[in-house]
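Trainee: Please find the sequence and the predicted model below.
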Amino acid sequence: EDKVVQSPLSLVVHEGDTVTLNCSYEVTNFRSLLWYKQEKKAPTFLFMLTSSGIEKKSGRLSSILDKKELFSILNITATQTGDSAVYLCAASPNSGGSNYKLTFGKGTLLTVNP
Amino acid sequence: DAMVIQNPRYQVTQFGKPVTLSCSQTLNHNVMYWYQQKSSQAPKLLFHYYDKDFNNEADTPDNFQSRRPNTSFCFLDIRSPGLGDAAMYLCATSSLYGYTFGSGTRLTVV
């Protein structure tokens, strides 16, 4: 059975801190790993990673995938209160074309205090 | 803008009273998904359509049904909602470049 494990489950930091969120996965015929930010609504897409060792960046957020060790990290630098959310990691198998199911981790609840 | 739209955003239904949640997409993606997300839990896939081919997850209760009359629309029918079915229901579509989620429907069962 495919499995995605995120750590820590929750994290409290102060504005300006840098945080690293972890995601490990066990997925048969792995294709890609996705990161989402979820506030009190549907998940918002952050990154999709398919290649090992290539960092993706978007502003203060960055992520990288290690397909040998089967994990990914999401970094957020200079955190702001608006970064407070649940960060979800999801992995998908290679089922061909655009049809693929996501297995989600339980998420990391990040709280950024002023 | 191309997007995935779910209606309504909030739905309150009575215990045992059938309810239908709707999803539409303007992305013209051929795959659509329904996920259930309970409080503080990860989204859980209920079923998905590849075009008109329906794929049910093994542990999806029979109480949950789905219809996809055309590429743009997909419906989730809960035949007899129980208190345990209260959750956020997420509709999504996928392409080679990733998933697009709708805004979700939060279902309350009273």
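Mentor: All right, it came through fine. Residues are numbered from 1 along each chain as shown, chains lettered A, B, ... in the order given.
Trainee: Point me to the residue of chain A nearest chain B.
Mentor: A:Phe104 (3.7 Å; CB to the nearest CB). C-betas here are computed from N, CA, C, even on glycine.
Trainee: Quickly note the distance from that residue to B:Val4.
Mentor: 17 Å (CB to CB, to the nearest Å).
Trainee: Same question for A:Ala91.
Mentor: Per CB to CB, A:Ala91 is found 21 Å from B:Val4.
Trainee: sorry, back to before: look up the closest residue to the residue of chain A closest to chain B, ignoring the ones flanking it.
Mentor: Once flanking residues are discounted, A:Phe104 sits nearest to B:Ala42: 3.7 Å by CB to CB, 6 or more residues apart in numbering or on different chains.
Trainee: Same question for A:Ser24.
Mentor: Closest residue to A:Ser24 apart from its sequence neighbours, by CB to CB, 6+ apart: A:Phe71 at 4.4 Å.
Trainee: At the contact with chain A, which residues of chain B appear?
Mentor: Proximity of chain B to chain A, by CB under 8 Å from any CB of the partner chain, involves residues B:6, B:29-31, B:33, B:41-45, B:48, B:50, B:88, B:90, B:94-104.
Trainee: for the record, mean pLDDT for the one helix or strand B:Val12 maps to?
Mentor: Using DSSP states H and E, B:Val12 sits within strand B:10-13. The average pLDDT within strand B:10-13 is 96.
Trainee: Would you mark the buried spots in it?
Mentor: Within strand B:10-13, the residues scored as buried using 16 or more other CB atoms under 10 Å in any protein chain shown are B:Gln11, B:Thr13.
Trainee: cool, and stretch B:85-99?
Mentor: B:Asp85, B:Ala86, B:Ala87, B:Met88, B:Tyr89, B:Leu90, B:Cys91, B:Ala92, B:Thr93, B:Ser94, B:Gly98, B:Tyr99.
Trainee: go on, stretch A:104-114?
Mentor: A:Phe104, A:Gly105, A:Lys106, A:Gly107, A:Thr108, A:Leu109, A:Leu110, A:Val112.
Trainee: picking that back up, partner strands of the strand holding B:Val12, parallel or antiparallel?
Mentor: Strand pairing for strand B:10-13, determined by DSSP bridges: strand B:105-109 (parallel).
Trainee: Pull the distance from the strand it pairs with to the chain's centre.
Mentor: Here the centre of strand B:105-109 is set off from its chain's centre by 12 Å, with CA atoms, centre = their mean, to the nearest Å.
Trainee: Pull the residues that contact that strand.
Mentor: By CB atoms under 8 Å, 6 or more residues apart in numbering or on different chains, the list of residues contacting strand B:105-109 from outside reads B:6-15, B:19, B:21, B:78, B:81-83, B:85-89.
Trainee: Please report the distance of the residue nearest to A:Ser24 from A:Phe104.
Mentor: 15 Å.
Trainee: could you point out the longest strand in chain B?
Mentor: The single longest strand within chain B, with elements called by DSSP state E, is strand B:87-95.
Trainee: Give me the angle between it and strand B:105-109.
Mentor: Taking axes from the mean of the first three to the mean of the last three CA atoms, to 10 degrees, one finds strand B:87-95 and strand B:105-109 inclined to each other by 150 degrees.
Trainee: Can you spell out which helices and strands pack onto the helix or strand just after strand B:87-95?
Mentor: Downstream of strand B:87-95, the next assigned helix or strand under DSSP H and E is strand B:98-101. When contacts are defined as 3 or more CB pairs under 8 Å, 6 or more residues apart in numbering or on different chains; DSSP states H and E, strand B:98-101 packs onto strand A:30-38, strand A:44-49, strand B:87-95.
Trainee: This completes my enquiry, with thanks.
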